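1. What shape does this take:
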Amino acid sequence: MSVIIATTLNPDPISGPATAKTLDGHADFALVPDDFTGYDALEFASWLGPLTSRLGIVPEVRVTHLEPFHLATASATLDYAARARAGLAVGISSTPAEAALFGRRGPAPAPAAWAEAASVIEVIRRLWDSWDDDAIIRDEATDRYIDRDRLHYIEAQVQDSTGADYSVLGPSITPRPPQGHPPIIVRAETGNEAARAAADIVLADEAAGTISLEDLRTELDPGVPVLTVLPAPTNRAEMAELVGSVRILVERGASGVLLTASAENQLDFSVRLVSEILPSLHAAGLRDTPEVVAALDGGSDASDLRGRLGLAPAVSLYADA
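-> Okay, the predicted model is just below:
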C-alpha cells in the first residue's frame, strides 16, 4: 500500500522554492493555489518545475474568466518545463470582485461556472491532443518542421457562465504534452458533478460539509483517486493523530490526502513532513518507502506524474483519426 501524499504550496517567492526543494522526492505533488491576490499560480509553477526533479507541480486555474486556448498551451508548456510532472487543478470564480479583476463578463452562480468548467476541461484535452506525438518531423529535404496531416483541427462550442456562446479553435500552438494529458484535479463541491466526473483526481473536503468520501466513492469510477483535504499538523500531537486519520480515511475509500499549510508555515511543515510524518506513514505500512517504489518501478521512480499517481497512460482523443 502507498497512499498519495500531496500538499499545498502557496506562491510565495521567499518560502516557495525552498519548500518545493524540500518536498522534492518525498511528496507526490504540490498544489499551487491561486486566489488572485498574489502571484499567478501557473506562472509560479513554471518557475518551480525546473527547480525540482520528482515533485509533481499542480497549479490551480480558475477557468471562469480565462481563455481555454491559453490554458491549454500554458499547461502543456509547464509539462515540458517540469519534465512530465505537471498537473492542472481546475476551479471557478463566482464573486463580483473576481469578475471585476478581468472585466470580461459579470459574475455568475457557481453551478453555471462549474458547467462551463466541465466543458473547458474537455476543450483543453482536445487541444492537448491536437498534435500527434510524432507531428514534429524536422524533414530537411522538404523544409517541413511538422507534418500537418498529424495535426487535428477543432472548433469547440462552449457556453460560458453567463449563457453566452463562444468558440475555441485549434490545433494548439504547443506540441502534445509529454504526459499526453497532465492529470486534472477537481475539488468536489455541490453542483459540480460534471466537472468532477471529467477529472483524473477528485479532492474531498469533508470539513466544508459539501459531499462525503463515501458518496464520492459510490459516484466515481473505482480507478479515480480521491484525496481528502486536511489541515497540515502544527505540533507533535497532531502529527501523531495524522497517521491514525490517514488509516481511517483509507479504510473509507480515500487514496490519500492533500495537506494544506499557510504561506507562513509551509516551509516548516515541509521539513516536518519529510523528517517525521512520512517516516511514520512508512512505519505504519501506509506508504511505501522510496526504495520500495524504485524497486517496483524497475530501479527508478515513476518518470511522470500520471505514473506516480497510478493513472494509466493517456490515449489521444484522435488515436483512431
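
2. all strands for this protein, in order.
-> Read by DSSP state E, the chain holds these strands, from start to end of the chain: 4-8, 29-32, 56-62, 88-91, 136-139, 144-146, 154-159, 165-170, 184-187, 201-204, 226-231, 256-260.

3. so how far is the last one from its chain's centroid?
-> Here the centre of strand 256-260 is set off from its chain's centre by 13 Å, with C-alpha atoms, centre = their mean, to the nearest Å.

4. Which among the strands of the chain is found nearest to A81?
-> Closest to A81 of the strands of the chain is strand 56-62 (C-beta to C-beta; 8.6 Å). C-beta coordinates here come from the backbone N, C-alpha and C atoms, glycine included.

5. ok so, going back, turn the strands of the chain into TSV, including mean neighbour count, distance to A194 and mean pLDDT.
-> Listed next are those as TSV, based on neighbours: other C-beta atoms under 10 Å; distance: least, C-beta to C-beta, whole Å; pLDDT from 0 to 100:
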stretch	mean neighbour count	distance to A194	mean pLDDT
strand 4-8	23	24	98
strand 29-32	27	21	98
strand 56-62	26	17	98
strand 88-91	25	12	98
strand 136-139	11	34	94
strand 144-146	13	34	94
strand 154-159	14	12	96
strand 165-170	13	18	97
strand 184-187	24	10	98
strand 201-204	25	12	98
strand 226-231	21	17	98
strand 256-260	23	22	98
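
6. Nearest approach to D40 belongs to which of the ones you listed?
-> Between the strands of the chain, strand 56-62 lies closest to D40; by C-beta to C-beta that is 8.2 Å.

7. wait, isn't L278 in contact with P290?
-> No: at 9.3 Å, L278 and P290 do not qualify as touching, with contact defined as C-beta atoms under 8 Å.

8. Return the backbone torsion pair for P175.
-> Backbone dihedrals for P175, given as degrees, to the nearest 10, come out at phi -60, psi 160.

9. Report the contact partners of it.
-> By C-beta atoms under 8 Å, 6 or more residues apart in numbering, P175 lies in contact with 76, 131, 135-136.

10. Now with 7 Å, please.
-> Contacts of P175 were listed using C-beta atoms under 7 Å, 6 or more residues apart in numbering, and they are 131, 135-136.

11. Can you find which helix in the protein contains the most residues?
-> In terms of residue count, the longest helix belonging to the chain (DSSP state H) is helix 110-128.

12. List the buried residues for it?
-> Neighbour counts over helix 110-128 (16 or more other C-beta atoms under 10 Å) mark 110-121, 123-128 as buried.

13. List the contacts of it.
-> Outside helix 110-128, the residues touching it (C-beta under 7 Å, 6+ apart) are 63-64, 68-69, 71-72, 76, 90, 92-94, 154, 156, 158-161, 168, 170, 172, 176-177, 180-181, 184, 191-192, 194-195, 198, 317.

14. Show me how to select, in PyMOL, the buried members of those.
-> Buried subset of those, written as a PyMOL selection, criterion 16+ other C-beta under 10 Å:
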select buried, resi 63+64+68+69+71+72+76+90+92+93+94+154+156+158+160+161+168+170+172+176+177+180+181+184+192+194+195+198+317
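
15. Tell me how far D200 lies from D221.
-> The gap separating D200 from D221 is 10 Å, by C-beta to C-beta, to the nearest Å.

16. With neighbour numbers in mind, choose between L278 and P290.
-> Residue environment comparison for L278 versus P290 gives the larger neighbour count to L278, 18 against 14, counting by other C-beta atoms under 10 Å.

17. Could I get the pLDDT score of the more buried one?
-> The confidence metric pLDDT takes the value 97 at L278.
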